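Asks: sequence first, then the predicted structure:
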Amino acid sequence: MKKTLLTIIATTMLFGCIGNEESQVRENGVLRIHEGYYAFCGASGAEPTGNKIIVQGVEFEEGCSVCPVLTGPSISNLAMKGVSPSWAKVTGTEGQFDIENDFQFPGDDGSTVWNGSSVWSLFWYFSSTDTIPQYNPVTQEWEMLSPGNRSFTVNTDHPATSESNMFCMPCQITETTDTGILLANCYGPLNEAAVPLRKAIPVVSGMKSITAALEGKPYPVGTPVPTNE
């Protein structure tokens, strides 16, 4: 089951529902199963903030994704840490985040009780038979819709074919929609790959990537598909 879980993470890096037996997996290397509130960014795009974010010691352009907040099991990466100027503005601190030290939610100070103002953006896989909160550009409302997982070829010359990484990034709760969907602003790097897990590397044009964001969204949240090389 651990191998199956790692295969899902390494090849898709999208949020989702895995079988109940696999939800019993609690660790594999730096991966952990998180229980509770988390932001789902797999179907979101990102907007540049104009700031630089440092992820695992590497500097990238920073993006902000608006993501729905869910509750339940999700996958976390204990190797993720960094410094975000946008997160600094939110928290009034230096903007550091470290998921190993604050596993439950950003800035939890060791508490296991959700603080109601922040969550991590974590990953779980959803298939086309599931429904998840997504922004519907037709109705201009957040609705429960089936995800459209798709692949695309990265071209960093254009926002719609670039990407963003929102795996284990800090998020601020911002509002609840009229339909009861909780939303958060999440801050992460633009054109950085979600895998490998222990180091930050930039994506380059020509890579094949996977996302559940609608085609045309700027900097869709996703990750390149790992190759044997």
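Replies: Okay, I see it.

Asks: and residue 50, how many neighbours?
Replies: 9 (other CB atoms under 10 Å). Yep, even glycine has a C-beta here, placed from its N, CA and C like the rest.

Asks: residue contacts, it?
Replies: By CB atoms under 8 Å, 6 or more residues apart in numbering, residue 50 lies in contact with residue 62.

Asks: neighbouring strands - and their directions - for the helix or strand encompassing it?
Replies: Residue 50 is part of strand 47-55 when elements are defined by DSSP states H and E. Sheet pairing of strand 47-55 (DSSP bridges) gives strand 58-77 (antiparallel), strand 81-83 (antiparallel).

Asks: list the buried residues for that strand?
Replies: Of all the residues in strand 47-55, those buried under the rule 16 or more other CB atoms under 10 Å are 47, 49, 51, 53-55.

Asks: returning to that earlier point: quick one: closest of the strands paired with strand 47-55 to residue 163.
Replies: With CB to CB, the closest approach to residue 163 among the strands paired with strand 47-55 belongs to strand 58-77: 9.5 Å.

Asks: so which two of the buried residues of strand 47-55 are the farthest from each other?
Replies: Using CB to CB, those span at most 19.3 Å, a distance reached by 47 and 54.

Asks: hang on, the earlier thing: can you add distance to residue 171, mean neighbour count and mean pLDDT and give the strands paired with strand 47-55 back as JSON lines?
Replies: Below are the strands paired with strand 47-55 laid out as JSON lines (distance: least, CB to CB, whole Å; neighbours: other CB atoms under 10 Å; pLDDT from 0 to 100):
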{"stretch": "strand 58-77", "distance to residue 171": "7", "mean neighbour count": "21", "mean pLDDT": "97"}
{"stretch": "strand 81-83", "distance to residue 171": "13", "mean neighbour count": "21", "mean pLDDT": "97"}
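
Asks: how about those strands in a markdown table, adding distance to residue 38?
Replies: Output for the strands paired with strand 47-55, formatted as a markdown table (distance: least, CB to CB, whole Å):
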| stretch | distance to residue 38 |
| --- | --- |
| strand 58-77 | 4 |
| strand 81-83 | 17 |
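
Asks: to residue 168, which of those strands lies closest?
Replies: strand 58-77 (4.8 Å).

Asks: what helix or strand is residue 210 on?
Replies: Here residue 210 is assigned to strand 208-211, by DSSP H and E.

Asks: equivalent analysis for residue 218, please.
Replies: Assigned by DSSP H and E, residue 218 belongs to neither a helix nor a strand.

Asks: for this protein, what helix or strand is lowest in average pLDDT?
Replies: When the helices and strands of the chain are scored by mean pLDDT, DSSP states H and E, helix 2-11 comes last with a mean of 41.

Asks: so where do the helices sit in this protein?
Replies: 2-11, 85-91 (DSSP state H).

Asks: what about the residue lying closest to residue 52 once chain neighbours are set aside, distance to residue 33?
Replies: Spatial nearest neighbour of residue 52, excluding adjacent residues (CB to CB, 6 or more residues apart in numbering): residue 59 at 5.2 Å. Plainly put, residue 59 is 30 Å away from residue 33 if you go by CB to CB, to the nearest Å.

Asks: again, but for residue 94
Replies: According to CB to CB, residue 94 and residue 33 sit 29 Å apart.
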